[in-house]
Each structure stands twice: as C-alpha cells, then as structure tokens.
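Chemist: task: produce atomic coordinates for the following.
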Amino acid sequence: MSLRYQNSTMLGKLAVVVLAMFGFGYALVPIYNAICQMTGVNILALAELAVPGEKAQLPANSQVDTSRTITVEFDANSRGPWQFKPAQSSLQVHPGEMMTVMYEFQNTQNRRMAAQAIPSYAPQQAAAHFNKLECFCFNQYTLDAGEKKSWPVVFVIDPKLSKDVRTITLSYTFFEVGGKVPPAPVAALVSKVAGS
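Modeler: Next up is the predicted model:
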C-alpha cells in the first residue's frame, strides 16, 4: 500500500467521524426533550405543551403552608445623612412562600460614600427561620452624591417556625463604612475645691 492511499483512507475515516459527531450533536436536543417528556423531569416543558391562550397548570408548591399567615413588618434605620426606607411597611406571607420587598436608598450628601446594612429580627427566634435568598445586606455599596438606588430582599419563612409567631419585624440599620467616626466623649473630671 502506498502512503498516498493510506492518507486518503485515513482522511475518509476522519470525515465519517466528524459527520457522525455533528449528527449526534444535532440529535441531542430532540432526544433530551423526548426523555424529559417521558420521565416528567423537566416541568418547565409543561408551558410549551399548553394550548395557546390557556395557562399551563404547573404543580403547586407543596412546601407552602397556606393554613397560616404571618405579617412581616419592615423597618429601616440609618446612621448618617441619607434616606433609607422600605417601599412598603408590611406584607402578609404564608410560611414557605417566596416573597420580595424593595428598599429605597438615597445618598443625600455632596460626596461619595460606601455603606452597608445590618439586619435584625423581632422576635429573636424568627432569625433562624427567616431565610434571605437575596439581600442588599450581603454586600457593601458605594453611592455617588445624590445617587438613588432600590434594592431587593427576597426571602422565605421556614414553615418550621413556631405557630405562635404571627408577626415578624425585619429591621435594617444602614451605616457608612470607612467614614469619619466621631470620637468617644471624654468624661471631664471636676475637682471640688474645699470651701467653694
């Protein structure tokens, strides 16, 4: 066998392998959809099967406890010359239900600042059951002079929270990071002069 014949045979085999790989990659999407439809793994595909104009019937979230409602109150405190407040003062929430509330912030100073929020909860036992999935309190933020921002808090209250808790207060204290801290007050010693 000549070298030229061996090279052309090898080239033919490689071309067949490339075509087979392309065909397999092209067929993966329909194969995946068929397997997901048979096993029911991909529930997002239910929306594609819906009749146009009708809403797809998605399975209900079985982790939501609809038998009780908890009032979540939102509070905002700031340590500095800026505005910080929740977009709404309270929400009615079922345990296990994912909710979002927005907080509004404005740097009213004429300089750039870095700040961070620290959360607190009342009653204290609610802290272990108040799960924040997204929160501006996870990071520090830098805002320019006069800049306004809105930040979300996405949370779920664990259904294991004691049934006697009907109201939870989520409070944030927003403070400047790395800013000028006033010195602690110094106690003045007053000496009594005899006879005065």
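Chemist: domains in the protein, by residue range?
Modeler: Per automatic domain parsing, the structural domains of the chain span 3-47, 70-176.
Chemist: which strands or helices does the longest helix seen in the chain pack on?
Modeler: Longest helix in the chain, counting residues (DSSP state H): helix 3-39. Packing partners of helix 3-39 (3 or more C-beta pairs under 8 Å, 6 or more residues apart in numbering; DSSP states H and E): none among the helices and strands. Where you see a C-beta, it was placed from the backbone N, CA and C, and this is true even at glycine.
Chemist: mean pLDDT lowest for which of the domains of the chain?
Modeler: Lowest mean pLDDT within those: domain 3-47, at a mean of 81.
Chemist: save the domains of the chain as TSV, and put in distance to residue 63 and mean neighbour count too.
Modeler: TSV is the format used below for the domains of the chain (distance: least, C-beta to C-beta, whole Å; neighbours: other C-beta atoms under 10 Å):
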stretch	distance to residue 63	mean neighbour count
domain 3-47	15	10
domain 70-176	4	15
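Chemist: so who does residue 104 touch?
Modeler: Contact partners of residue 104, counting by C-beta atoms under 8 Å, 6 or more residues apart in numbering, are 83-87, 148-150.
Chemist: mind checking which of those residues are in strands?
Modeler: Among the contacts of residue 104, the members falling in strands (DSSP state E) are 83-86, 148-150.
Chemist: show me which of those residues is closest to residue 4.
Modeler: Residue 4 has its nearest neighbour among the ones in strands among the contacts of residue 104 in residue 149, at 70.3 Å by C-beta to C-beta.
Chemist: bridging residues for residue 113?
Modeler: Beta bridges link residue 113 to residue 143, judged by DSSP bridges.
Chemist: contacts only, for it.
Modeler: Residue 113 touches 80, 82, 107, 142-143, 176, 179, counting by C-beta under 8 Å, 6+ apart.
Chemist: in contact with residue 112, which residues are there?
Modeler: The contact partners of residue 112, by C-beta under 8 Å, 6+ apart, come to 142-145.
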